[in-house]
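K.L.:
After the sequence you'll find the predicted model.
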Amino acid sequence: MDAWNHANFCIPPEHVDPLCTAIEALFPWSLIVRRPDLVGYRLGDDLNRAAIYLRPTPAARALFDAVARAEATDPEFARALADLRAQDADVSDHQGIRLGSVVDWEERVARARELATARPDLRVAVLRVERPGDPGAATDYLYQAWVRLALLGPWRNTLELQALDPEKPAVR
């Protein structure tokens with residue numbers, strides 16, 4: 001059986017500490033490795049099922065800088081990037097994380113909102129939150145929130161937090 005086992009993000013070296021602060025504030029993940037070239041978190045008890053890695057590299061810094069220069073000087077590129085950032089989070093590139101309970105989901109969404117306000121240096125943003133029954137909710141049993149960690153990159157930087165309503169049967 002195939003299974004996703006990790007996500008790897010190449011980031012500017014100076015983003016490591018603030019990203020670790022954001023991750024550790026939002027998620028009860030276990031730090032499994034912290035070296036100058038690699039930071040890794042295990043999302044649950046089984047390392048073979050889910051982990052996230054941060055890889056600080058000069059190439060990532062160069063990419064962030066090049067994107068910023070292009071965005072400042074090329075209106076078409078700036079518009080395309082703005083459109084990508086503004087489009088619906090669910091159709092944008094993102095990583096999905098299923099949480100164990102709705103209570104846990106609510107706590108993490110609240111924590112993400114707090115970080116977005118209290119710690120703008122961490123560049124956390126809550127893009128959208130949907131609960132069963134909300135207009136536009138995908139189902140009557142799925143809680144969804146899209147949280148952007150902009151320090152991960154200029155795009156592909158969003159995590160979708162999900163929880164299932166224990167009272168509703170779901171297609172699983």
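P.N.:
Okay, I see it. Residues are numbered from 1 along each chain as shown.
K.L.:
Show the subsequent helix or strand relative to the helix or strand of the chain with the lowest mean pLDDT.
P.N.:
The weakest-scoring helix or strand in the chain, judged by mean pLDDT, DSSP states H and E, is strand 95-98 (a mean of 91). Per DSSP states H and E, the first helix or strand lying C-terminal to strand 95-98 is helix 102-118.
K.L.:
what mean pLDDT does that next one have?
P.N.:
Helix 102-118 comes out with an average pLDDT of 97.
K.L.:
So what does the residue nearest the centre of the chain have for phi and psi?
P.N.:
Geometric centre of the chain, nearest residue: Leu159, 2.8 Å, by Cα atoms, centre = their mean. Torsion angles at Leu159 (phi, psi; degrees, to the nearest 10) stand at phi -110, psi 130.
K.L.:
Wait, it touches His94, no?
P.N.:
Yes. Counting by Cβ atoms under 8 Å, His94 is a contact partner of Leu159 at 6.5 Å. In this view, the C-beta of every residue, glycine as well, is placed from N, C-alpha and C.
K.L.:
which residues do those two both contact?
P.N.:
Counting by Cβ atoms under 8 Å, 6 or more residues apart in numbering, the residues touching both Leu159 and His94 are Trp146.
K.L.:
Could you tell me the per-residue confidence at the closest residue to Asp165 other than its chain neighbours?
P.N.:
Spatial nearest neighbour of Asp165, chain neighbours left out: Tyr141 (4.5 Å); criterion: Cβ to Cβ, 6 or more residues apart in numbering. At Tyr141, the pLDDT value in this model is 91.
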